[in-house]
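Participant: Sequence first, then the predicted structure:
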Amino acid sequence: MNPESNDMAKKTSKIKSGKLILAEPFMLDPHFRRSVVFLCEHHQKNGSVGFIINKPLKMKINEMVEDFPEIEAELYYGGPVGTDTLHFIHNVGDLLEDSVPVIRGVYWGGNFEKLKFLIERQLIGPDNIRFFVGYSGWVKGQLSEEMEVGSWIVAEGDPNYVFKIKSNILWKRVLNDKGHTFSVISELPENMSWN
């Protein structure tokens, strides 16, 4: 194996469920510009599924879903795939049946009727859950190819990134936390002017 293909293998081997992938600073795709995606599933054979966790839609879940219990939880744009679908990640997997553990403190999905019951009983609040319209998906090999050309930066997933840090500073914060060159990258302005 030559050194170049070895570097590519290292880049793509870092991708796995529970990781964050951050759009490189000059990504032009409007769906992913300056996005932070939390990967809920990554399989070499089946592809990958994740949710953009830093693009709120300025809309509450109750405004979109009829007969949904009152909760001050914002709705997020999860990605360009299946924009007619609703998804959620949360930190109450011990309360919600059928939840899929992704990393410690972060679960994906679960029984929707039980979710509504737990919200009605105020056992789940806005700090426990994130709702998404659509998702980010990659077919087999697609995300690895995008990694090889430098479209994404991989970072460790953490419940604090998912539930606590404000959306408008999350991309910069994760890069700063990675340190070194990434701290410099985080300071690049969003709109570069080539004067």
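Facilitator: Structure received. Numbers count the residues shown, from 1 in each chain.

Participant: going forward, measure contacts between C-alpha atoms and count neighbours the same way
Facilitator: Fine.

Participant: In the protein, where is pLDDT below threshold?
Facilitator: 1-13, 191-195 (pLDDT under 70).

Participant: Show me the helices in it, by range?
Facilitator: 3-13, 61-64, 112-120, 142-148, 159-163, 167-178, 181-186 (DSSP state H).

Participant: For the third one, list every residue counted as buried.
Facilitator: It stands for helix 112-120. For helix 112-120, a neighbour-count test (16 or more other C-alpha atoms under 10 Å) marks 115, 116, 118, 119 as buried.

Participant: same thing with the second one?
Facilitator: Neighbour-count burial for helix 61-64 flags 61, 62 (criterion: 16+ other C-alpha under 10 Å).

Participant: follow-up on the earlier one: can you put the helices of the chain in JSON lines and add distance to residue 39?
Facilitator: Formatted as JSON lines, these follow (distance: least, C-alpha to C-alpha, whole Å):
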{"stretch": "helix 3-13", "distance to residue 39": "14"}
{"stretch": "helix 61-64", "distance to residue 39": "22"}
{"stretch": "helix 112-120", "distance to residue 39": "21"}
{"stretch": "helix 142-148", "distance to residue 39": "11"}
{"stretch": "helix 159-163", "distance to residue 39": "11"}
{"stretch": "helix 167-178", "distance to residue 39": "15"}
{"stretch": "helix 181-186", "distance to residue 39": "20"}
